[in-house]
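Undergrad: Let's see this in three dimensions:
(one chain, ligands or ions: 1)
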Amino acid sequence: MDSTVKVQGLSFSYGKDEILKDINLSFERGKFYSIIGPNGSGKTTLLKNIGKTFNVPKNNIFLLNEDIYSMNNKEVAKTLAVVPQNIAIEYDFTTYEVVLMSRTPFKKRFQDYNSEDFDRVQRAMKLTDTWELKDKPITSLSGGEQQRVIAARALCQDTPIVLLDEPTSHLDIQHQISFLNIFKELKTKLTVIAVMHDLNLASLYSDEIILLSKGSVLATGSPSKVINRENIKNVYGIEVDIIRNTSNGSPYILIKI
Ligand code: ADP
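TA: Numbers count the residues shown, from 1 in each chain. From the prediction side, this is the model:
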């Protein structure tokens with residue numbers, strides 16, 4: 001199958017510090033991928049490279065077979081949506097307006113929003129349980145509510161690729177699960193790539209896991225292949241036992257103290 005996202009030979013530095021080292025990965029449609037690894041291992045930096053936050057050199061990253069190097073911001077926004085870790089919206093837009101803005105890349109200059117855009121906004125906001133918040137200023141919402149609004153914005157953008165950076169960090173357990181369930185249900189049409197902190201949630205929801213250590217890919221494959229005692233000990237330096245989650249047989253980490 002053709003990959004929707006291809007990363008080949010990607011290295012990346014902030015100044016002199018090399019953060020990513022020769023990353024080679026391929027992502028397909030219809031799958032949920034988690035990127036895991038300790039703090040500072042390069043997870044967010046990898047996601048930001050895929051989302052073209054930085055100027056990536058030629059021949060390193062391809063979205064739908066097109067080199068991201070030659071794509072402009074509007075083309076990237078039509079291809080991938082991002083739910084970032086820190087949501088920085090300082091202006092007093094309503095939540096409705098924030099979600100509606102996701103339609104902008106699809107508009108020609110000065111073209112107005114139409115009923116199709118409004119329908120999409122409503123659908124995405126209902127799906128993420130944010131419709132009730134539509135008239136509130138985004139700045140007045142809690143971190144968890146904002147995170148759900150940004151998820152609505154990403155869904156409304158209607159792109160084939162979605163990048164999630166620690167998507168559940170501000171959410172209570174109920175909203176964590178409903179958030180991940182949304183993307184699990186929609187993933188048949190999508191490639192979802194998520195930086196995940198909770199290893200057990202990553203294991204439960206992912207088709208494939210990428211384990212990063214010090215800027216390199218240490219292991220990649222199914223949760224059963226990647227989540228094992230040796231890898232966890234190697235990368236996180238902790239002793240664990242692995243049992244199986246009864247819902248789908250995925251590995252479940254028990255921490256030993
Ligand atoms: P992770 O998401 O795995 O916690 P990051 O990708 O955020 O890791 O960071 C990887 C490394 O890059 C860390 O050592 C971090 O301090 C450094 N880093 C992240 N962002 C910047 C930046 N804007 N400038 C300089 N160094 C950075």
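
Undergrad: Just the buried residues of the host helix or strand of residue 117, please?
TA: Assigned by DSSP states H and E, residue 117 belongs to helix 115-127. Buried residues in helix 115-127, counting neighbours by 16 or more other Cβ atoms under 10 Å, are found at 117, 120-122, 124-125, 127. For the C-beta atoms, the positions are set from N, CA and C on the backbone; glycine is no exception.

Undergrad: again, but for stretch 34-53
TA: Within stretch 34-53, the residues that count as buried by 16+ other Cβ under 10 Å are 34-37, 41-52.

Undergrad: got it, and stretch 60-67?
TA: So stretch 60-67, judged by 16+ other Cβ under 10 Å, has buried residues 60-64.

Undergrad: Residues contacting it, please?
TA: 2-10, 49-50, 52, 58-59, 68-69, 71, 75-76, 79-80, 160-161 (Cβ atoms under 8 Å, 6 or more residues apart in numbering).

Undergrad: Spell out which residues sit in contact with the residue lying closest to residue 182 once chain neighbours are set aside, please.
TA: With sequence-adjacent residues excluded and distances taken as Cβ to Cβ, 6 or more residues apart in numbering, residue 182 is closest to residue 127, at 5.8 Å. The contact partners of residue 127, taken as Cβ under 8 Å, 6+ apart, are 152, 155, 182.

Undergrad: what secondary structure does the first one sit in?
TA: When classified by DSSP: H, G, I helix; E, B strand; the rest coil, residue 152 comes out as helix.

Undergrad: remind me which residues of the stretch 1-150 of the chain are low pLDDT?
TA: The stretch 1-150 of the chain contains residues with pLDDT under 70 at 1.

Undergrad: Next up, the contacts around the spatially most central residue of the chain.
TA: By Cα atoms, centre = their mean, the mean C-alpha position of the chain lies nearest to residue 164, the distance being 1.8 Å. Residues near residue 164 by Cβ under 8 Å, 6+ apart: 83, 154, 183, 192-195.
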